[in-house]
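1. Just a sequence and a predicted model for now, questions to come.
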Amino acid sequence: MQSNFSCLFYLKKTKDYVSGPVPIYLRITVNGQRAEMSVGRDCLPEKWNSKAGLALGTKDDIKTLNAYLSILQGKIHQQHSLLLAVGETVTAEVLKNKVSGKTEKERSLVKIFQDHNNKMEALLNKGFAPGTLDRYKITLNHTIEFLQWKYNVSDIDIKKIDHAFITEFEFYLRSFRRCGNNSAVKYIHNFGKIIRICLKNRWIIEDPFVNYEGKIKKVERVFLVEEEIQTLILKEFSIERLSQVKDIFIFSCFTGLAYIDVKKLTKANINIGIDGEKWIFTKRRKTGTASNIPLLPMAQAILNKYKDHPACLNKNLLLPVSSNQKVNSYLKEIADLCGFNKELTFHCARHTFATTVTLSNGVPIESVGKMLGHENLRTTQHYAKVLDKKVSNDMKLLREKFSSKNLDEQQRRKYI
C-alpha cells in the first residue's frame, strides 16, 4: 500500500549546548508519524546545511560523512520499497528498526487476546461480569479454530489482520459454526475490541473494520401474556421437579430477576422498603447495578412455600434453583404441557415482568427499568413492549377526558 514517506538528517542540540560538534539525527516520517534515531556521527553547526541535511565543505572528513549519510538514506529508501513490494505495513518505526538492525517484536493475535482475557478474569466483579468473560473466552476459541481452519496455524501476526480476515472469520462463524446472524455479529464485535487495543497501542496502523457493516437484527422477545400466566399458575404438576421450576419461573415473572440473581437470593436480600412493605434489595450479577423490587403477593407466596425446603435451609437460600440447563429443559416440558406455542426459557420471565406484569398495568417504563437494574432506558425498551391492550386502555382514559369536557355539539358537528 502506498504511503507518504520522507527522511531528514538534522543536528540535535542538547539544552545546555554551548559549542562544539552536535550529534546528527535521522527523522523518518511515514503518513505523518515520526521515528527518530541517532546516526552515530556529529558535525559542527557552522558546517551543517540544514536545508540539504548534509555537511558543508570539500575536505575528506566532510566527504566521508556525507557519503555515509547518503548510503544510510539509500538503505531507508530500499527498505521502504521492499516493504511495499511484499505488501507489508510501512511505518516510521518499522523503517527505523530495519535500518538500525533491530528486530521488531512480533505481536501475535492469540497471545494478545489471551492477555486481554486474563486481565478481564483478574477484574471479575470489579468492572467485569462472569458472563462477559465467558463470551470473550468463546470468541477466542472460535478465533483459534478459525486460524487452524483457514491458515493451518495456531497463531498469527497481528499485522496480518485485514478486512479479508474479518469477512472470512464471519463466513466461518455463519457456515461452519452455524451461528445465527446476531451471534456471528456479536463474536465479530468482541473480536473488534482486541483490534481496538492493537490500534490504540499502535501495534497496527490501519483498522481492518473500516468497511465492516455487520448489524444486529431485531429479535422479537418471548413473553407470557396475562392469560398464559394464569394458565401456568393454575396448572398442577404431579412431577416435583416441574412443579418446582414452574414456581421459580413464576417468581421471576413477578420480580423480573434473571436466573443467576434468583439463584443467589438469601433472607438478607429481603428488607422493608420506603413504603413500609417488603422489598428485594440485590445487585445484578451481570452488571453490578442495584435492583430493588417491591415484593408482590404472588412472589411472597412462593417464598413462603419454600421457606422450609431442605435445599434452602442447608444453603441459606430463598429458593431451590437447579442448574440453568436443567431449568430451561424443564421449562420446555412445561410449555408443552400448558399448550404454549412458545419457546419458553427462564429469561422469558424477565420479559414477562417488564411487559405484562408492570408496563401493561400502568407502571412507567422508568420504574420498570430501575427494578430491572438497567442504567439505560433503551435497554428497558428491548425488554418491555407496549401492547395493543395498553394502548387501548390509555386511549380509553384519554377519550373519557375529552368527553368530560362537554365540547359544544355544534363544534363537533362541524367535523361530522
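-> Looks like it arrived, so ask away.
2. And the contacts of the helix or strand hosting Phe251?
-> Following DSSP states H and E, one finds Phe251 within helix 240-253. The contact list for helix 240-253 (CB atoms under 8 Å, 6 or more residues apart in numbering) reads 224, 229, 232-233, 235-237, 257-259, 262, 298-299, 302-303, 305-306, 319-322, 326-327, 330-331, 333-334, 337, 344, 346, 349-350, 352-353, 356-357. C-betas here are computed from N, CA, C, even on glycine.
3. Give me the subset of these that lies in helices.
-> Residues of those located in helices (DSSP state H): 229, 232-233, 259, 262, 298-299, 302-303, 305, 326-327, 330-331, 333-334, 337, 349-350, 352.
4. are any of those buried, and which?
-> With burial judged by 16 or more other CB atoms under 10 Å, the buried subset of the ones in helices among the contacts of helix 240-253 is 229, 232, 259, 262, 299, 302-303, 327, 330-331, 334, 349-350, 352.
5. Please confirm that Asn271 is located within a strand.
-> Yes: judged by DSSP: H, G, I helix; E, B strand; the rest coil, Asn271 forms part of a strand.
6. in which helix or strand would I find the spatially closest residue to it that is not a sequence neighbour?
-> Among residues not flanking Asn271 along the chain, Phe281 sits closest, at 5.4 Å (CB to CB, 6 or more residues apart in numbering). Assigning secondary structure by DSSP H and E places Phe281 in strand 278-283.
7. Phe9 now?
-> Assigned by DSSP H and E, Phe9 belongs to strand 5-11.
8. which stretches of the stretch 1-150 of the chain form helices?
-> Secondary structure of the stretch 1-150 of the chain (DSSP state H, counting those that start in this stretch): helices at 60-85, 92-100, 109-122, 130-151.
9. buried stuff in the first one?
-> Spelled out, that is helix 60-85. For helix 60-85, the neighbour count (16+ other CB under 10 Å) marks Leu65, Asn66, Leu69, Leu72, Gln73, Ile76, Gln79, His80, Leu83 as buried.
10. Among those, find the lowest-pLDDT one for me.
-> pLDDT across those is at its lowest for Leu83, which sits at 82.
11. So the closest residue to that residue other than its chain neighbours versus His80, what's the distance?
-> Among residues not flanking Leu83 along the chain, Val90 sits closest, at 4.8 Å (CB to CB, 6+ apart). Distance from Val90 to His80, counting by CB to CB, to the nearest Å: 6 Å.
12. cool, and Gly53?
-> Distance, Gly53 to His80, by CB to CB: 17 Å.
13. tell me which of the buried ones among the ones in helices among the contacts of helix 240-253 is nearest to Thr380?
-> The closest of these to Thr380 turns out to be Arg350 (CB to CB; 11.1 Å).
14. residue contacts, the closest one?
-> Neighbouring residues of Arg350 by CB under 8 Å, 6+ apart: Ser252, Gly256, Leu257, Ala258, Leu372, Tyr383.
15. which regions of the chain sit below the pLDDT cut-off?
-> Low-confidence segments of the chain, defined by pLDDT under 70: 1-3, 102-105, 384-389, 402-416.
16. Can you report phi and psi for the residue located most distally from the centre of it?
-> Distance from the C-alpha centroid of the chain peaks at Lys59, with 64.8 Å (CA atoms, centre = their mean). Note on Lys59: backbone dihedrals following degrees, to the nearest 10 are phi -70, psi 160.
17. Start the count at 254 instead of 1 going forward.
-> With 254 as the first residue, the last one maps to Lys312.
18. State the distance from it to Val275.
-> Counting by CB to CB, the gap from Lys312 to Val275 is 18 Å.
19. for Thr385, same thing?
-> From Thr385 to Val275 the distance is 54 Å (CB to CB).
20. before we move on, what about Cys432?
-> Taking CB to CB, one finds Cys432 at 61 Å from Val275.
21. Pull the strand holding Phe534 out as PDB, backbone CA atoms only.
-> Output of strand 531-536 as PDB, limited to C-alpha atoms (Å, rounded to 0.1, in the frame of the first residue of the first chain):
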ATOM      1  CA  LYS A 531     -41.200  -5.900  51.900                       C
ATOM      2  CA  TRP A 532     -38.700  -5.300  49.000                       C
ATOM      3  CA  ILE A 533     -36.000  -7.300  47.400                       C
ATOM      4  CA  PHE A 534     -32.700  -5.500  47.600                       C
ATOM      5  CA  THR A 535     -30.000  -7.000  45.400                       C
ATOM      6  CA  LYS A 536     -27.300  -6.300  42.800                       C
END
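22. Dump the C-alpha coordinates for the helix or strand just after it into CSV.
-> Next in sequence after strand 531-536, counting helices and strands by DSSP H and E, comes strand 543-547. Extracted C-alpha coordinates of strand 543-547, given in CSV (Å, rounded to 0.1, in the frame of the first residue of the first chain):
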residue,chain,number,x,y,z
ALA,A,543,-28.7,-2.2,42.1
SER,A,544,-32.1,-3.9,41.5
ASN,A,545,-34.6,-3.0,44.2
ILE,A,546,-38.1,-4.5,43.7
PRO,A,547,-41.2,-4.3,45.8
